[in-house]
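K.L.:
how would this look folded up:
(one chain, ligands or ions: 1)
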Amino acid sequence: MKAHFLLLALCFGVSSPVCVQAAEKGQAPEAIGKGVPTEERMQWFKDAKFGVFIHWGIYAVDGVGESWSFFNGDISYPDYMKQRSGFNAGKYDPDAWAALIKRSGARYAVLTSRHHDGVALWNSRQGINVVRDTPAGRDLVGPFVDALRKDGLKVGLYYSLPDWSYRDYDVFTRQEKRYQLKDDPARWQRFLDYYQGQLKEIADRYNPDLYWFDGDWEHSASEWQSAKVRERILAHNPNAIINSRLKDYGDYDTPEQGVPVLRPASKYWELCLTMNQSWGYQPRDNQYKNANQLIHVLADTIGMGGNLLLDIGPRADGSIDERQVQILEKMGRWTGKHAEAIYGSQAGIPLDHFHGPSTLSPDRKTLYLFLDGKPSGEVLVKGLDNQVLRARVVGSGAQVAHRVLGKHDWSKVPGLLYLDVPAEALDADMTVLALELDKPVALFQEEVKAIESN
Ligand code: GLC
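P.N.:
So this is what the prediction gives:
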């Protein structure tokens, strides 16, 4: 234990040889810069289930794609950067943001502190930032962090490893590279010092609970010095958690835009998803998923043991499009009513047993079934080797009549459990049933054979 703390202390130094060596050897993340044990660090995240992602930057001024619009040549770099003069944050109200996030039922939020365009939302010593270079003229990260913490929400900061604007970063656009790393290692080192310096500023000023990295695909873990970055973060805050996009050195996976079809393999994961097709504010993008559809996505995600990080893109003045507000409010109605089935839950039972998402309480003795639409008859659960002590509609308390048919004394195959849900207790978006079981959930999963004694 002592030695471990000693290592952490050493690693806090800017270029500790111990840490650099460990990083160069490419040790597994758990071998270095451990912080508190992963399960403990990840607990709040695993229980939270729902977070709000916020893409806010100068790209909201003209409503163009965040960073990618100049990278892909849809707009020239000078035109993209001109947006700086329109970024005023005049209506920015972080307390109202936090209140909305809280009402939605999200337990954490993640703000883009600096996207690939390199425009930081705080007064960073180096690079471009909104304090010095836009009419906003003030730190936008600090007030956000404070507002979330006041409301008991966990704080996540997104940080892009690449900075396509920075003179010492190798990649500028899809067409243009500034230099090759092997030709100018000193220049790359200047970039590393810059970005790691920014991370130190973030740690010192805001001490986020969650570091949400992005853009790691442009370099290898050793080029980014991911191991060293992880060590430093955990040395500074042994409880911090890190997403997977620190190239091999994160704590949890981040599938993007793909609503889960199969259950992801990793123990901890978070689906990040846009409400329409865009991360940042793009007023002409009307392809919104509605609140009902997003509630189904949330149910699917938590049913597979993951979190949903749902994105909003505020306008350049800091106000939030009414369509996005409405979605969060509607989700809040549903998450509030069904809180017991959501927060702290575990992944539910396989679809072979119940045709829909499900979750389990921490003691696995309450099974929550999420009903897709209005049932056309009784709801069926197969292969449940438990006695149902009580069945009820979550949020309404209505009792649900239940009976088991097709059970034979001589067979260990459980009978068919039918649940008769009272029509008046159905939820407008998605009804959730709670089955209180006699013991932790037990599933019969053997192949059913002919009975030899027949
Ligand atoms: C992608 C994009 C980026 C967006 C992110 C969110 O990696 O580069 O624009 O911020 O996904 O997950």
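
K.L.:
give the rounded mean pLDDT of stretch 242-254.
P.N.:
Along stretch 242-254, the predicted local confidence has a mean pLDDT of 96.

K.L.:
and if you look at stretch 352-368?
P.N.:
Across stretch 352-368, the per-residue pLDDT values average to 98.

K.L.:
pull out the buried residues from it.
P.N.:
Within stretch 352-368, the residues scored as buried using 16 or more other CB atoms under 10 Å are His353, Phe354, Gly356, Pro357, Ser358, Thr359, Leu360, Ser361, Lys365, Thr366, Leu367, Tyr368. C-beta here means a position set from N, CA and C on the backbone, and glycine is covered the same way.

K.L.:
residues making contact with that stretch?
P.N.:
Contact partners of stretch 352-368, identified using CB atoms under 8 Å, 6 or more residues apart in numbering, comprise 299-300, 302-304, 340-342, 344-349, 369-372, 380-384, 394, 432-437, 439-441, 443, 445.

K.L.:
what's around the residue in the stretch 1-150 of the chain that the ligand sits nearest to, how many residues?
P.N.:
In the stretch 1-150 of the chain, the residue that lies nearest the ligand is Glu66 (5.0 Å; CB to the nearest ligand atom). Other residues near Glu66 number 23, with proximity taken as other CB atoms under 10 Å.

K.L.:
in three-state terms, label it for me.
P.N.:
Secondary structure, DSSP: H, G, I helix; E, B strand; the rest coil: Glu66 is coil.

K.L.:
CA atoms of stretch 367-379 as PDB?
P.N.:
Coordinates of the C-alpha atoms in stretch 367-379 are reproduced here as PDB (Å, rounded to 0.1, in the frame of the first residue of the first chain):
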ATOM      1  CA  LEU A 367     -36.900  -8.000 -11.700                       C
ATOM      2  CA  TYR A 368     -38.000  -5.000 -13.700                       C
ATOM      3  CA  LEU A 369     -39.700  -5.600 -17.000                       C
ATOM      4  CA  PHE A 370     -39.900  -2.700 -19.500                       C
ATOM      5  CA  LEU A 371     -43.000  -3.100 -21.700                       C
ATOM      6  CA  ASP A 372     -42.800  -2.100 -25.400                       C
ATOM      7  CA  GLY A 373     -46.000  -0.400 -26.200                       C
ATOM      8  CA  LYS A 374     -49.400  -1.600 -25.100                       C
ATOM      9  CA  PRO A 375     -49.600  -5.300 -24.400                       C
ATOM     10  CA  SER A 376     -52.100  -7.100 -26.600                       C
ATOM     11  CA  GLY A 377     -52.700  -9.700 -24.000                       C
ATOM     12  CA  GLU A 378     -51.000 -11.000 -20.900                       C
ATOM     13  CA  VAL A 379     -47.200 -10.400 -20.700                       C
END
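
K.L.:
now, which of the contacts of stretch 352-368 lie within strands?
P.N.:
346-347, 369-371, 380-381, 432-437 (DSSP state E).

K.L.:
now list the buried members of those.
P.N.:
In terms of neighbour count (16+ other CB under 10 Å), the buried residues within the ones in strands among the contacts of stretch 352-368 are Ala347, Leu369, Phe370, Leu371, Val381, Val432, Leu433, Ala434, Leu435, Leu437.

K.L.:
poorly predicted segments of the protein, please.
P.N.:
Within the chain, the ranges that satisfy pLDDT under 70 run 1-33, 451-454.

K.L.:
can we see that at 50?
P.N.:
Low-confidence segments of the chain, defined by pLDDT under 50, span residues 1-29, 31.

K.L.:
contact residues of the protein facing the ligand?
P.N.:
For the chain, the residues found near the ligand under the criterion CB under 6 Å from any ligand atom are His55, Glu66, Trp68, Asp214, Glu256, Cys272, Trp279.

K.L.:
just among the residues you listed, which is most surrounded?
P.N.:
Highest neighbour count within the residues of the chain next to the ligand: Trp279, with 27 neighbours (other CB under 10 Å).

K.L.:
ok, so of the buried ones among the ones in strands among the contacts of stretch 352-368, who is nearest the ligand?
P.N.:
When those are compared against the ligand (criterion: CB to the nearest ligand atom), the nearest one is Ala347, at 22.6 Å.

K.L.:
the stretch 201-350 of the chain: helices as residue ranges?
P.N.:
Defined through DSSP state H, counting those that start in this stretch, the helices belonging to the stretch 201-350 of the chain, from first to last, are 221-224, 226-236, 291-303, 322-337, 339-342.

K.L.:
now these in JSON lines, with distance to Val400 and mean neighbour count?
P.N.:
Listed next are those as JSON lines, based on distance: least, CB to CB, whole Å; neighbours: other CB atoms under 10 Å:
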{"stretch": "helix 221-224", "distance to Val400": "51", "mean neighbour count": "18"}
{"stretch": "helix 226-236", "distance to Val400": "47", "mean neighbour count": "25"}
{"stretch": "helix 291-303", "distance to Val400": "18", "mean neighbour count": "22"}
{"stretch": "helix 322-337", "distance to Val400": "16", "mean neighbour count": "18"}
{"stretch": "helix 339-342", "distance to Val400": "14", "mean neighbour count": "21"}
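
K.L.:
distance to Arg132 added to these, as CSV?
P.N.:
Listed next are the helices of the stretch 201-350 of the chain as CSV, based on distance: least, CB to CB, whole Å:
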stretch, distance to Arg132
helix 221-224, 26
helix 226-236, 25
helix 291-303, 37
helix 322-337, 29
helix 339-342, 42
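
K.L.:
what's the closest of those helices to Leu181?
P.N.:
Closest to Leu181 of the helices of the stretch 201-350 of the chain is helix 221-224 (CB to CB; 6.7 Å).

K.L.:
how near is Lys374 to Asp311?
P.N.:
Spatial separation of Lys374 from Asp311 under the definition CB to CB, to the nearest Å is 30 Å.

K.L.:
neighbour-wise, which of these two wins?
P.N.:
Taking Lys374 and Asp311 together and counting by other CB under 10 Å, Asp311 has the greater number of neighbours (21 against 9).

K.L.:
list the contacts for that one?
P.N.:
Contact criterion CB under 8 Å, 6+ apart gives Val52, Phe53, Ile54, His55, Cys272, Leu273, Thr274, Met275, Trp279 as the residues in contact with Asp311.

K.L.:
one more: Ala48?
P.N.:
For Ala48, counting by CB under 8 Å, 6+ apart, the contacting residues are Ala106, Arg107, Tyr108, Lys154, Asn307, Tyr343.

K.L.:
which residue, other than its chain neighbours, is closest to the fifth one?
P.N.:
In other words, Asn307. With CB to CB, 6 or more residues apart in numbering as the criterion, Asn307 has its nearest non-adjacent residue at 4.1 Å, and that residue is Glu270.

K.L.:
residue contacts, the nearest residue to Leu433 once chain neighbours are set aside?
P.N.:
Take Leu433 and drop its neighbours on the chain: the residue closest to it by CB to CB, 6+ apart is Leu369, 4.5 Å away. By CB under 8 Å, 6+ apart, the contact list for Leu369 reads Gly348, Phe354, Gly356, Ser358, Val379, Val381, Leu419, Val432, Leu433, Leu435.
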